[in-house]
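Peer 1: below is the sequence, then the predicted model.
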Amino acid sequence: MRIAVVDDDPLQLEFFQQALPALGHACHPFDHGAALLKALRRDTFDLLIVDWELPDTSGPEIIRWVRGQLGPQLPILFVTHRQDESDLVAGLACGADDFMGKPVRVAELGARLGALLRRAYGEARDAGAGAGADKLNFGRYCFRQRSRELLVDGEPVALKAREYDLALLLFQNADRLLSRDHLRERLWGQGPQVQSRSLDTHISRLRTLLDLRPANGYAIRPVYGLGYRLECTHAEAGTPA
């Protein structure tokens, strides 16, 4: 998963930059609140880790902005040296989903992140494409995860490996905006920058190969300047089975 961390302590940021990849997540570090808020206006993440005290703002202020602008879906973990019960109550009251005291322990961090991600996105999305139930059904579309095969109305569709990964990512995040950087990172990793037209080509091919249009229950919508959203157009199509 793609996790943004804001903390003004270089040692803490270094800790998260080592711990999160070891736990199977991509870490995007920020040392000022303004830098994180700027990123959130043009990018998407699966989870936020927010420190309480920052040089230009506070953790509660960031969380209130996120809840006001982005809604309640994005999971947020508060991390702080504060240990009083009143601080815990205040942190959760402003919109955080969980609270951890420093120093952060890797095993506990992994457990808390896993719980938050499962709660927000479901077991399959937290575990990844290779784990959990073999079949994921979304209306006409059935993903067989072990064989990495996608069936539409029971018929297999010939997809390249990256096309399968993109399709699964979109369906597991139906009705959620995913930024271009988010999609590129999940498909190509955090290596050299991938040209935008590579992503656009993959999106275009999926739209055609899977006949993604409102009449079939799902449609891919571009969000100008940000990324793409797979919209569920039929209520019965939106729940994986």
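Peer 2: Arrived safely, thanks for sending.
Peer 1: quick check, central residue of this protein?
Peer 2: D46 (2.5 Å; CA atoms, centre = their mean).
Peer 1: check contacts around P21.
Peer 2: C27 (CB atoms under 8 Å, 6 or more residues apart in numbering). The way it works is simple: take the backbone N, C-alpha and C, and place the C-beta from them, glycine included.
Peer 1: gap between it and R42?
Peer 2: 23 Å (CB to CB, to the nearest Å).
Peer 1: over to R221?
Peer 2: Taking CB to CB, one finds R221 at 17 Å from R42.
Peer 1: re the thing from before, leaving out chain neighbours, which residue sits closest to the residue nearest to the centre of the chain?
Peer 2: M1 (4.0 Å; CB to CB, 6 or more residues apart in numbering).
Peer 1: ok, now which ones touch that neighbour?
Peer 2: M1 touches 24-26, 46-47, 113, 117, 126, counting by CB under 8 Å, 6+ apart.
Peer 1: what's the spacing between it and L183?
Peer 2: With CB to CB as the criterion, M1 and L183 are 14 Å apart.
Peer 1: how about G139?
Peer 2: G139 sits 22 Å away from L183, going by CB to CB.
Peer 1: R42 now?
Peer 2: Relative to L183, and taking CB to CB, R42 is found at 13 Å.
Peer 1: which helix or which strand is home to L11?
Peer 2: Assigned by DSSP states H and E, L11 belongs to helix 10-22.
Peer 1: which strands or helices does the longest helix seen in the chain pack on?
Peer 2: Counting residues, the longest helix found in the chain (DSSP state H) is helix 106-121. On a contact count with 3 or more CB pairs under 8 Å, 6 or more residues apart in numbering; DSSP states H and E, helix 106-121 meets helix 10-22, strand 47-51, strand 76-80, strand 98-101, helix 123-127.
Peer 1: nice, that's everything, thank you.
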